[in-house]
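Enquirer: I'd like to go over a predicted model; first the sequence, then the structure.
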Amino acid sequence: MEAFPIVKRIEYEEWLQDYYNAHPIIGDMNLVAALQEAMNVTCGRKAMRTWLGKHAAIVAEPIIQLEDHEDFLWEQLSKEPLIGYYAMRTALREARGVDVKEAPIRAWLAAHQGALPMPFAEAASSSSGPSMALLQRSL
C-alpha cells in the first residue's frame, strides 16, 4: 500500500472544520483517519492535536419553541401552581428530553402564574385623571 503524502493542516482547514462541526467529539487519531480516507493525505498526530486544541466545533443549537410543549407546561402548572423556573426546566428535560434556556421559561411562568403588570404602567394608561396634555404650567 502506498503511503499518504504528508500535508500541512492549513491546506485542508475548511474540510477539517466542516468535519469537526459534524463530529464535535472526535479525537485526533480519528480525525487523521478521516482525513486519510476522504482526501488521501495525512498529517502528524501531534499536529492534529494542536489543531483540535485551537479550534472549536461550531454546532448550532436547535430552536425550541415553548408552544410545542405548552400542554406539558400547563399540566405541570396545574399540579404545582407555585412551581419555579428551575423545577419547570428540570421537569421538561426529564419528561420530554428538551433543554430550554432560563429566560423563556421565566417569561412563560410570569405570564401564566397570574403575574400582574407593573403598577406604574396601569396608572399611566388610566383615564381617571387629567391628561398630561391638558395640564398647563401656571405662572
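Expert: Sure thing, it's come through.

Enquirer: What segments of this structure are helices?
Expert: Assigned by DSSP state H, the chain shows helices spanning 13-22, 28-39, 45-54, 70-79, 85-96, 102-112, 119-125.

Enquirer: Ok, which of those comes nearest residue 4?
Expert: helix 28-39 (5.5 Å; CB to CB). All C-beta spots, glycine's among them, are computed from the backbone N, C-alpha and C.

Enquirer: pLDDT averaged over that closest one - what is it?
Expert: Averaged across helix 28-39, pLDDT comes to 91.

Enquirer: Restrict it to CA atoms and write it as CSV.
Expert: Extracted C-alpha coordinates of helix 28-39, given in CSV (Å, rounded to 0.1, in the frame of the first residue of the first chain):
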residue,chain,number,x,y,z
ASP,A,28,-7.1,13.5,17.0
MET,A,29,-6.4,9.9,15.6
ASN,A,30,-9.9,9.6,14.3
LEU,A,31,-9.7,13.0,12.6
VAL,A,32,-6.4,11.9,11.0
ALA,A,33,-8.0,8.7,9.8
ALA,A,34,-11.0,10.6,8.3
LEU,A,35,-8.6,12.9,6.5
GLN,A,36,-6.7,9.9,5.1
GLU,A,37,-9.9,8.3,4.0
ALA,A,38,-11.5,11.4,2.4
MET,A,39,-8.6,13.2,1.0
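
Enquirer: Figure out which of the helices of the chain is closest to residue 5.
Expert: Among these, helix 28-39 comes nearest to residue 5, with 9.8 Å by CB to CB.

Enquirer: I'd like the helices of the chain as CSV, with distance to residue 5 appended.
Expert: What follows is the helices of the chain, written out as CSV (distance: least, CB to CB, whole Å):
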stretch, distance to residue 5
helix 13-22, 15
helix 28-39, 10
helix 45-54, 14
helix 70-79, 55
helix 85-96, 48
helix 102-112, 50
helix 119-125, 69
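
Enquirer: and those helices as JSON lines, adding distance to residue 6 and mean neighbour count?
Expert: Shown next, in JSON lines, are the helices of the chain (distance: least, CB to CB, whole Å; neighbours: other CB atoms under 10 Å):
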{"stretch": "helix 13-22", "distance to residue 6": "15", "mean neighbour count": "14"}
{"stretch": "helix 28-39", "distance to residue 6": "11", "mean neighbour count": "15"}
{"stretch": "helix 45-54", "distance to residue 6": "9", "mean neighbour count": "14"}
{"stretch": "helix 70-79", "distance to residue 6": "54", "mean neighbour count": "13"}
{"stretch": "helix 85-96", "distance to residue 6": "46", "mean neighbour count": "15"}
{"stretch": "helix 102-112", "distance to residue 6": "48", "mean neighbour count": "14"}
{"stretch": "helix 119-125", "distance to residue 6": "68", "mean neighbour count": "9"}
